[in-house]
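Participant: any chance you could fold what I've pasted below:
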Amino acid sequence: MAEDYKSLLDNSPKKLVGLKQVLRGITDGTVWCVIVSSDCEEFIKERLRDQAAGKEVEFKKGPDMSELGKISKIDVGAAVVGLLR
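Facilitator: Numbering: from 1, shown residues only. As a prediction, this is how the structure comes out:
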């Protein structure tokens, strides 16, 4: 199950990378799953949970920020990635 996030990312053609975009996607109702890096700051996790309260959004634990960025095909680390409906 540790690789659960990887199969989700591989099978999801549309995704948002970064806190601001993911928060916007949660608000819009377009994000159904958020993958949070293992070394993500706690205040970011709290902000995501607050934004997703009452909405149908799954949260999955991912690898560290560096690896999550690589998997998401960006050149920098990523704290969060949102998968679009």
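
Participant: quick one: terminal-to-terminal distance for stretch 26-46?
Facilitator: Using Cα to Cα, to the nearest Å, one end of stretch 26-46 lies 14 Å from the other.

Participant: from residue 70, how far out is residue 58?
Facilitator: According to Cβ to Cβ, to the nearest Å, residue 58 stands 22 Å off from residue 70. C-beta: built from backbone N, CA, C; applies to glycine.

Participant: same question for residue 33.
Facilitator: The value you get for residue 33 to residue 70, if Cβ to Cβ is used, is 19 Å.

Participant: who's more crowded, these two?
Facilitator: residue 33 (19 against 14; other Cβ atoms under 10 Å).

Participant: pLDDT score for that one?
Facilitator: The model reports residue 33 with a pLDDT of 96.

Participant: not counting sequence-adjacent ones, nearest residue to residue 29?
Facilitator: Nearest residue to residue 29, sequence neighbours excluded (Cβ to Cβ, 6 or more residues apart in numbering): residue 55, at 6.9 Å.

Participant: right, and the helix or strand after the helix or strand bottoming out on mean pLDDT in the chain?
Facilitator: When each helix and strand of the chain is scored by mean pLDDT, DSSP states H and E, helix 4-11 comes last, with a mean of 88. Downstream of helix 4-11, the next assigned helix or strand under DSSP states H and E is strand 15-17.

Participant: so the residue of the chain most remote from its centre is in which element?
Facilitator: Most distant from the centre of the chain: residue 54, at 17.6 Å, with distances by Cα atoms, centre = their mean. Secondary structure from DSSP H and E places residue 54 outside every helix and strand.

Participant: ok, which stretches of this structure are helices?
Facilitator: All helices of the chain, identified by DSSP state H, fall at 4-11, 19-28, 42-52, 65-71.

Participant: show me what the longest one packs onto, helices and strands only.
Facilitator: For helix 42-52, the elements it packs on are helix 19-28, strand 31-36, strand 58-61, judged by 3 or more Cβ pairs under 8 Å, 6 or more residues apart in numbering; DSSP states H and E.

Participant: report the buried residues of it.
Facilitator: For helix 42-52, the neighbour count (16 or more other Cβ atoms under 10 Å) marks 44-45, 48, 51-52 as buried.
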